[in-house]
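Student: what's the 3D shape of this:
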Amino acid sequence: MKKLFLLAFVLIVSNQSYCQDFPLFSISSMDFDIETGIFGDVNGDNKVNVTDIMIVVNHILTESGYDSTMDIDNNGSINVSDVMIDVNIILGNNIDKYKITYPDYLKEEYQKTLDDVREVMDESSIVILYATDLHFSYKGSGYAEKALFNPIRNMFHTMKRFENDLHPNLIFLGGDYIQLPSISDGQTKDMGFKVLDYVNLWLSQYNSPKFLVIGNHEINYTGNNTGYGMTVGEFYEHTQKDIIEDGLIKEVGSTHKLFYYDDIQGKARHIFISTGSVEYSDISDELINTVQNTPEGWSAIAYNHYVGRDYNFEEPVFYNPLVNIMKRIQNTGVDFIGWFGAHNHADVCYVLNGNVGISCLQSGAWTPGMSQDGIKYNHVARTSTESAITIFVIRKDLGKIYLKRWGLGRDREINYNTQSGPVGLVNWSD
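Tutor: Numbers count the residues shown, from 1 in each chain. The predicted model follows:
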C-alpha cells in the first residue's frame with residue numbers, strides 16, 4: 001500500500017510542468033527565519049521538481065537505508081513526509097511549518113551572551129564579532145554534510161542577531177571554511193568554491209563592516225595535502241573582491257594578501273593578513289608600513305588565520321616569521337592592541353616582544369586543540385555548544401580585551417597593556 005501511495009504522488013506531481021527556484025540561503029533581519037534553497041532540493045540543482053521526488057521515492061521503495069541528502073525534514077529518517085514536503089513546494093502550497101527557524105536550544109545561550117557583552121561595553125568600546133575555523137561541507141558533497149553544515153548555518157544566523165543587537169565595529173572570519181573528502185573519495189576543485197558560495201551569501205546579509213581571510217584549508221581542502229586547493233588570488237576573486245568594492249576595506253599592494261579598514265568610530269586600524277601560511281616575507285615591509293601609518297592617536301589590530309604559535313601549548317613553538325614581525329611592530333611605537341588569529345583550534349593567549357597574541361577555538365565541529373586552561377573543547381550537536389562565536393569587547397580606557405563566548409568554550413579577560421596589570425594576564429570565567 002505504501003508503495004502504491006508513493007507512486008500515486010509521483011503521477012500527480014509529474015503532471016505539473018513547473019518547478020520552484022530558491023536562493024541558496026537568505027536571512028530575514030526582521031524575524032530571523034531562515035529559508036534555504038537546498039530545502040527540498042535533493043539533487044543539488046538549486047530547484048525543486050519531480051526529479052527530486054523521484055529520487056526520494058526510489059530510495060524508499062528500494063529500502064536503500066539512510067541518506068542525509070534525502071532526509072528533507074531532518075528527522076533522522078526518510079519517509080512519506082519528505083516526499084510530501086517536495087510535493088507542497090512544487091504545488092506552491094504553504095510550507096512555513098517546514099522552514100528552519102532559530103533553534104530553541106540556542107536561545108538561552110544567546111541571551112546570556114548578549115547580557116554578558118553589554119555588561120562590559122561602554123560607548124567607546126570596539127566590538128568585533130569573530131568566527132574562525134568553520135570546517136564545513138555542503139549538502140551534496142558526501143562528507144558529514146549535516147553534522148558540519150547545520151551548526152555553521154545556525155552560527156551565521158546567530159551572528160546576524162548579534163549584529164542587530166550590538167552594532168559591531170567589525171565582523172571578521174578567520175579562515176578554514178572548507179572541509180571536504182579527499183580526491184580519492186570524490187573531491188573536485190569546484191567543491192571548495194561551493195563552500196565559499198555559502199560564506200559569501202551569509203556575509204552579504206550583514207550591514208556592518210566585514211572581512212574574511214584565507215586559511216590553510218582553502219589552500220588545501222583537506223588540510224593534509226590529499227585535496228585540491230585554491231590560490232590566494234582565486235580566494236580573493238571569489239570572496240574579498242566584492243567586499244572591497246565599496247571602498248571601506250583598502251588593499252595594500254597587489255598581492256591580495258594585505259588589507260586594512262580604518263574604523264573612525266573606534267579609532268582603530270584593523271589590518272588583515274590573508275596569506276594562508278606563516279610566511280610573510282613578501283608583505284612584511286608593507287605590513288609594518290601599514291601599522292606605522294595608523295592615524296595619530298589611534299590603535300592598530302592585526303588579523304590572520306595563524307596566531308603565530310604551534311599547536312602544543314605546553315611547549316610553545318613560535319613561527320619565526322611572526323617573531324620578526326612582532327619585533328618590528330613594537331618598534332613602530334603605535335598602540336598595538338594585539339594579533340588575533342586561530343588555526344590551533346584552542347583558546348590561547350601569549351605575549352611576544354611586548355605584544356599580545358590571541359587565538360580562538362574552532363567555530364565548526366572539528367578536531368579540538370588544547371586550550372590554555374588545559375581543556376580540549378568538543379562540540380556537541382544540537383546543543384548550545386554545537387558552534388562558537390567570540391565577541392571581542394576592547395576597552396582602550398582600561399587596556400583590556402574582553403572575549404565573550406557564545407557557544408563552546410569560556411569567557412576570557414586579557415590585559416593588552418599595563419593599565420590594569422601585567423600584559424597578557426588572562427582571567428577565565430564561565
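
Student: just for the stretch 151-300 of the chain, where's the confidence low?
Tutor: For the stretch 151-300 of the chain, no stretch has pLDDT under 70.

Student: helices of that one, start to end?
Tutor: Secondary structure of the stretch 151-300 of the chain by DSSP state H, counting those that start in this stretch: the helices cover 189-203, 216-219, 232-235, 241-243, 284-292.

Student: deepest-packed of those helices, please.
Tutor: Sort the helices of the stretch 151-300 of the chain by mean neighbour count, taking mean count of other C-beta atoms under 10 Å, and helix 216-219 sits at the top with a mean of 24. C-beta: built from backbone N, CA, C; applies to glycine.

Student: show me what that helix is in contact with.
Tutor: By C-beta atoms under 8 Å, 6 or more residues apart in numbering, the residues outside helix 216-219 that reach it are 135, 175-179, 192, 196, 223, 229-231, 235, 276-277, 305, 343.

Student: mind running it again at 7 Å?
Tutor: Residues outside helix 216-219 that contact it (C-beta atoms under 7 Å, 6 or more residues apart in numbering): 135, 175-179, 192, 223, 229-230, 235, 276-277, 305.

Student: out of the residues you listed, which are inside strands?
Tutor: Counting by DSSP state E, the part of the contacts of helix 216-219 found in strands is His305.

Student: of the contacts of helix 216-219, which is the most crowded?
Tutor: Ile178 (31 neighbours; other C-beta atoms under 10 Å).

Student: for it, name its beta-bridge partners.
Tutor: With DSSP bridges as the criterion, Ile178 is bridged to Phe136.

Student: now it: how far from Lys107?
Tutor: In this structure, Ile178 and Lys107 are 29 Å apart, going by C-beta to C-beta, to the nearest Å.

Student: equivalent analysis for Gly65, please.
Tutor: From Gly65 over to Lys107 (counting by C-beta to C-beta), the distance is 34 Å.

Student: so which of the two has more stuff around it?
Tutor: Per other C-beta under 10 Å, whichever of Gly65 and Lys107 has more neighbours is Lys107, with 13 against 7.

Student: what helix or strand is that one on?
Tutor: helix 104-120 (DSSP states H and E).

Student: who's in contact with that helix?
Tutor: Under C-beta under 7 Å, 6+ apart, the answer for helix 104-120 is 154, 158, 161, 165-166, 382-384, 391, 393, 402, 404, 406-407, 411.

Student: repeat that for 8 Å
Tutor: 127, 154, 158, 161-162, 165-166, 382-384, 391, 393, 395, 402, 404-407, 411.

Student: following that helix, which helix or strand comes up?
Tutor: Downstream of helix 104-120 (by DSSP H and E), the next one is strand 126-131.
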